[in-house]
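Student: Dropping a prediction and its sequence here:
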Amino acid sequence: MDLAYIPSPSRGVLYLGSIPLRGYAFCIIIGVFVAVLIGNRRWIARGGRAGTVADIAVWAVPFGLVGGRLYHVITDYELYFTEGRDWVNAFKIWEGGLGIWGAIAFGALGAWIGCRRRGIPLPAWADTVAPGIAFAQAIGRWGNWFNQELYGEPTDLPWAVKITSDSGGRIPGTYHPTFLYEFLWCVGVGFLVIWADRRFRLGHGRAFALYVAAYCAGRGWIEYMRVDTAHHIFGVRLNVWTAIVVFIGAVAYFVLSARLRPGREVIHDNGGDGETPEPRDAEDTRTPEDADAKDAEAGAAEADTTEDKAGGKTGDRTGAPGDPVVEDAESSGSTASLKKS
């Protein structure tokens with residue numbers, strides 16, 4: 001007998017009249033709102049304009065939803081295009097099925113378009129929204145709870161999730177709540193990126209790379225626990241391989257970017273009106289060589305100032321050009337007068 005477990009909702013949709021209110025969709029919407037809210041605050045803190053993150057999200061979010069759905073449909077095509085299946089269900093995104101890998105890839109494409117239109121660098125924008133995306137993923141995982149999906153092996157642990165639905169091949173029982181594990185992991189990743197960004201002043205896409213690498217590290221072992229149908233390569237689930245490849249790519253980018261482009265870029269967000277707020281991260285881009293050059297420049301300027309002052313004092317004695325001739329002439333005239341006298 002199970003003494004404690006996480007109950008599943010009896011249904012994942014409520015109706016307001018004839019309008020369906022789906023828990024999965026609500027989780028996605030709330031997640032997007034949180035990501036934009038956090039990203040906007042971080043963007044303003046770096047000297048950007050309020051609203052820029054939301055304007056670019058208008059491009060990134062639709063692209064991300066399309067990419068996430070495409071990845072799911074392509075990697076699980078047998079759910080929609082095999083005998084006895086209805087391909088129309090491939091468009092029913094509210095029933096669940098978004099691949100984070102496709103969502104991030106296509107979302108980045110949409111963000112690139114938005115950033116290009118605003119004239120701001122994509123890496124800076126990505127660094128700003130990275131922790132917000134992690135928190136959005138955490139919230140979105142509760143959509144899987146509403147749909148009673150993405151759980152692990154059977155268990156009698158007190159935090160097991162109780163599955164009551166028997167549709168789609170489900171077997172009622174208590175299972176590892178892998179959606180909960182990923183929720184907690186994503187929350188940790190979000191706080192990790194915030195801390196690292198404050199501590200090391202990450203720039204040029206490195207905060208985003210840290211988010212990707214940290215997420216993949218957790219997704220690998222969580223994915224390994226899941227029992228839902230998936231394609232395997234050499235006996236390992238496809239998404240585990242994807243997490244490994246993306247993790248290596250993110251770490252490689254982080255290391256190379258730190259060597260080639262140290263420091264943090266300055267944000268120039270003119271909002272399309274030609275006016276640029278005062279950057280707040282100007283000092284973040286200075287390397288030790290830049291500091292030495294700036295100190296040398298300051299020393300040269302100080303020397304010039306001293307020389308100008310010295311020249312000013314000499315000018316006080318001799319006067320302006322032409323004055324010495326006048327003074328000499330006057331002195332000569334006076335001497336001649338004395339001799340005549």
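Tutor: Received, thanks. Residues are numbered from 1 along each chain as shown.
Student: which residues of the stretch 1-150 of the chain fall in strands?
Tutor: All strands of the stretch 1-150 of the chain, identified by DSSP state E, counting those that start in this stretch, fall at 6-7, 13-16, 19-22.
Student: Can I get the ones you listed in JSON lines including distance to residue 137 and mean neighbour count?
Tutor: For every residue, glycine as well, the C-beta is placed using N, CA and C. What follows is the strands of the stretch 1-150 of the chain, written out as JSON lines (distance: least, C-beta to C-beta, whole Å; neighbours: other C-beta atoms under 10 Å):
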{"stretch": "strand 6-7", "distance to residue 137": "19", "mean neighbour count": "12"}
{"stretch": "strand 13-16", "distance to residue 137": "22", "mean neighbour count": "11"}
{"stretch": "strand 19-22", "distance to residue 137": "18", "mean neighbour count": "12"}
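Student: Name all residues that make contact with residue 188.
Tutor: Applying C-beta atoms under 8 Å, 6 or more residues apart in numbering, we find residue 188 in contact with residue 218.
Student: check which helix or strand covers it.
Tutor: helix 178-200 (DSSP states H and E).
Student: got the CA coordinates for that helix in PDB?
Tutor: Output in PDB follows, covering the C-alpha atoms of helix 178-200 (Å, rounded to 0.1, in the frame of the first residue of the first chain):
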ATOM      1  CA  THR A 178      10.900  12.600 -13.800                       C
ATOM      2  CA  PHE A 179       9.000  15.800 -14.600                       C
ATOM      3  CA  LEU A 180       9.600  16.900 -11.000                       C
ATOM      4  CA  TYR A 181      13.300  16.000 -11.200                       C
ATOM      5  CA  GLU A 182      13.700  18.100 -14.300                       C
ATOM      6  CA  PHE A 183      11.700  20.900 -12.700                       C
ATOM      7  CA  LEU A 184      14.100  21.000  -9.700                       C
ATOM      8  CA  TRP A 185      17.100  20.700 -12.000                       C
ATOM      9  CA  CYS A 186      16.000  23.600 -14.200                       C
ATOM     10  CA  VAL A 187      15.400  25.800 -11.200                       C
ATOM     11  CA  GLY A 188      18.900  25.000 -10.000                       C
ATOM     12  CA  VAL A 189      20.300  25.800 -13.500                       C
ATOM     13  CA  GLY A 190      18.500  29.200 -13.500                       C
ATOM     14  CA  PHE A 191      20.100  30.200 -10.100                       C
ATOM     15  CA  LEU A 192      23.500  28.800 -11.200                       C
ATOM     16  CA  VAL A 193      23.500  31.100 -14.300                       C
ATOM     17  CA  ILE A 194      22.400  34.100 -12.300                       C
ATOM     18  CA  TRP A 195      25.200  33.500  -9.700                       C
ATOM     19  CA  ALA A 196      27.900  32.800 -12.300                       C
ATOM     20  CA  ASP A 197      26.900  35.800 -14.300                       C
ATOM     21  CA  ARG A 198      27.200  38.100 -11.300                       C
ATOM     22  CA  ARG A 199      30.400  36.500 -10.100                       C
ATOM     23  CA  PHE A 200      32.300  36.300 -13.400                       C
END
